[in-house]
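J.: sequence and predicted structure, then a few things I'm wondering about:
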Amino acid sequence: ATFDNNTCSWVVTGTQDPEPATECWETATFDNNTCSWVVTGTQDPEPATECWETATFDTNTCSWVVTGTQDPEPATECWETATFDNNTCSWVVTGTQDPEPATECWETATFDTNTCSWVVTGTQDPEPATECWETATFDNNTCSWVVTGTQDPEPATECWETATFDNNTCSWVVTGTQDPEPATECWETATFDNNTCSWVVTGTQDPEPATECWETATFDNNTCSWVVTGTQDPEPATECWETATFDTNTCSWVVTNDGDSIDPIAICQNITIQLDGSGNASIIASDVDGGSTDNCQIASMTVSPSTFDMNDIGDNNVILTVTDESGNSVDCTAVVTVEDETLSNPIFTIKDISVVPNPFKEYFDIILPSIYNNNEFTINIYDLNGRIVYNKLLISNKGKIRINDLDRIDQAAYFVKITHNNSGNKIIKKMIRF
């Protein structure tokens, strides 16, 4: 561009170089930096070809064209292989037929083009069945089997034995065993009889000896003789009125009572008893026995009367009767003092005692003056039959004693006896559990 002062304007001059000629694979591009055309692009490399092919570049399609065909593979036998040789650019046929195989006298060899192998046909005649002592051998000269061999002779046997030919081992097997010698007693002898092929036992045992009833005769096989054991039971100890006699029928001693005429000695002692909650009491003979004796032996003791009630409070005479083994008896008299102690109501010196609640269910409290705090009290609860259903030693605390765990007793009326252990004073309260 040049400024023209005459026209007072810019004048642009010059022309671009023409685009250069290019191959089909090239492209021309103008480069403004160098102000010149730049040609880019390269021809595709010539492709690899087989020996029978030719590569030619086609500028119309701008690509390589490969032409030429391989010679067809030649016909071959089944044992041949055709291989193309790129060096000579021709087919090479290799391989030879397998030689005819050796055959047995009964076989024929034929070439099978389907499997490309020799086929041998024909089978040997089957080996004939033979006994274990025989051997079958094939004779290739006659193309047939020949059987040879003889069986071993049967062996001699005992009367209890049997000889059987075993084809598995090809030998005679002798089986059978002589019956074992029978067990014999020491007085017997066992002898084998070959005529009957059996054992014969002879001999008899000595007869069992006579014995007493307390004796046992046992045959001793070690000494082969009878051994008599057992001793008569010793004569039993007897009382003064008894006689011991040995009874051979029952093989035992029999003790008989011949009796004695001496009476026993009865000794009584006086006793004191208390009525129960229902106002009754009872005794047995040993309660009033003071040491009665007999020259032989006491058989029984009885006491009468033996039961008491509210009508018998005070002293009561009872008769103790002592009887010995011979029936001799004697009496003595004892005094039984009956007291109404269990349900009595002595004066209780502790004032203002109360038991609450009444009726009760699971517990009740005994309310005491505070002066008896930390004192011991025995608490007894009786049913109406005088039986104790609760008995505990308790200590008062803060003017009260609580009786717990009463849900285990039946719903009924009860008597509660409260005893102050220090003074012995007591009081009885009637209570009801609901």
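T.: Perfect, thanks for sending it.
J.: now Ser144, nearest residue through space, not along the chain?
T.: Beyond its immediate neighbours in the sequence, the residue positioned closest to Ser144 (CB to CB, 6 or more residues apart in numbering) is Asp125, lying 6.7 Å away. Just so you know, the C-beta spots here come from the backbone N, C-alpha and C atoms, and that holds for glycine as well.
J.: go ahead and confirm the one you found touches Trp145.
T.: Yes: counting by CB atoms under 8 Å, Asp125 touches Trp145, with 6.5 Å between them.
J.: quick one, which of those two is more surrounded?
T.: Trp145 (15 against 10; other CB atoms under 10 Å).
J.: my guess is the more buried one is in a strand, correct?
T.: Yes: secondary structure assignment places Trp145 in a strand (DSSP: H, G, I helix; E, B strand; the rest coil).
J.: so it touches Glu134, yeah?
T.: No: taking CB under 8 Å as the contact criterion, Trp145 and Glu134 are not neighbours in contact, 10.9 Å apart.
J.: poorly predicted segments of the stretch 101-250 of the chain, please.
T.: Along the stretch 101-250 of the chain, segments meeting pLDDT under 70 are nowhere present.
J.: what are the boundaries of the helices in it?
T.: Listed in chain order, the stretch 101-250 of the chain contains no helices at all (DSSP state H, counting those that start in this stretch).
J.: hey, where'd the strands end up in it?
T.: Counting by DSSP state E, counting those that start in this stretch, the stretch 101-250 of the chain forms strands over residues 108-112, 117-121, 135-139, 144-148, 162-166, 171-175, 189-193, 198-202, 216-220, 225-229, 242-247, given from the N-terminal end onward.
J.: can you give the strand pairings for the second one, parallel or anti for each?
T.: Paired strands of strand 117-121, with direction, are strand 108-112 (antiparallel) (DSSP bridges).
J.: Val416 and Asn380, how far apart?
T.: Here the criterion is CB to CB, to the nearest Å. By it, Val416 lies 7 Å from Asn380.
J.: whoops, I mixed them up, Thr150
T.: Thr150 sits 119 Å away from Asn380 when distances are taken as CB to CB.
J.: ok, now Phe138?
T.: 123 Å.
J.: again with Pro20
T.: 145 Å.
J.: between these two, tell me which one has more neighbours.
T.: Between Pro20 and Asn380, counting by other CB under 10 Å, Asn380 is the more crowded of the two (17 against 11).
J.: the helix or strand hosting that one: partners in the sheet, and parallel or antiparallel?
T.: In this assignment (DSSP states H and E), Asn380 forms part of strand 376-382. Strand pairing for strand 376-382, determined by DSSP bridges: strand 388-395 (antiparallel), strand 413-420 (antiparallel).
J.: what's the burial count for the closest residue to Asn194 other than its chain neighbours?
T.: The spatial neighbour of Asn194 that comes closest, neighbours along the chain excluded (CB to CB, 6+ apart), is Cys159 at 5.8 Å. Neighbour count of Cys159, defined by other CB under 10 Å: 13.
J.: any chance of JSON lines for the strands of the stretch 101-250 of the chain, columns distance to Thr256?
T.: JSON lines is the format used below for the strands of the stretch 101-250 of the chain (distance: least, CB to CB, whole Å):
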{"stretch": "strand 108-112", "distance to Thr256": "124"}
{"stretch": "strand 117-121", "distance to Thr256": "120"}
{"stretch": "strand 135-139", "distance to Thr256": "102"}
{"stretch": "strand 144-148", "distance to Thr256": "104"}
{"stretch": "strand 162-166", "distance to Thr256": "76"}
{"stretch": "strand 171-175", "distance to Thr256": "75"}
{"stretch": "strand 189-193", "distance to Thr256": "55"}
{"stretch": "strand 198-202", "distance to Thr256": "54"}
{"stretch": "strand 216-220", "distance to Thr256": "28"}
{"stretch": "strand 225-229", "distance to Thr256": "30"}
{"stretch": "strand 242-247", "distance to Thr256": "5"}
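J.: so which of these gets nearest Ala48?
T.: With respect to Ala48, and counting by CB to CB, the nearest of the strands of the stretch 101-250 of the chain is strand 117-121 at 40.6 Å.
J.: buried stuff in that closest one?
T.: Along strand 117-121, no position meets the burial threshold by neighbour count (16 or more other CB atoms under 10 Å).
J.: what's the local residue count around Lys426?
T.: The number of residues packed around Lys426, counting by other CB under 10 Å, is 20.
J.: that one bridge partners, please.
T.: Thr419.
J.: for it, report the pLDDT, please.
T.: Lys426 is assigned a pLDDT of 86 by the prediction.
J.: make 847 the starting number, not 1.
T.: Fine by me, first position is 847 from now on; the one you just mentioned is Lys1272.
J.: show me where pLDDT drops low in the stretch 1147-1280 of the chain?
T.: Applying pLDDT under 70 to the stretch 1147-1280 of the chain picks out residues 1187-1198.
J.: ranges for the helices of it?
T.: In order along the chain, the stretch 1147-1280 of the chain carries no helices (DSSP H, counting those that start in this stretch).
J.: okay, now stretch 1035-1047: how far is its last residue from its first?
T.: Stretch 1035-1047 has its terminal residues 6 Å apart, counting by CA to CA, to the nearest Å.
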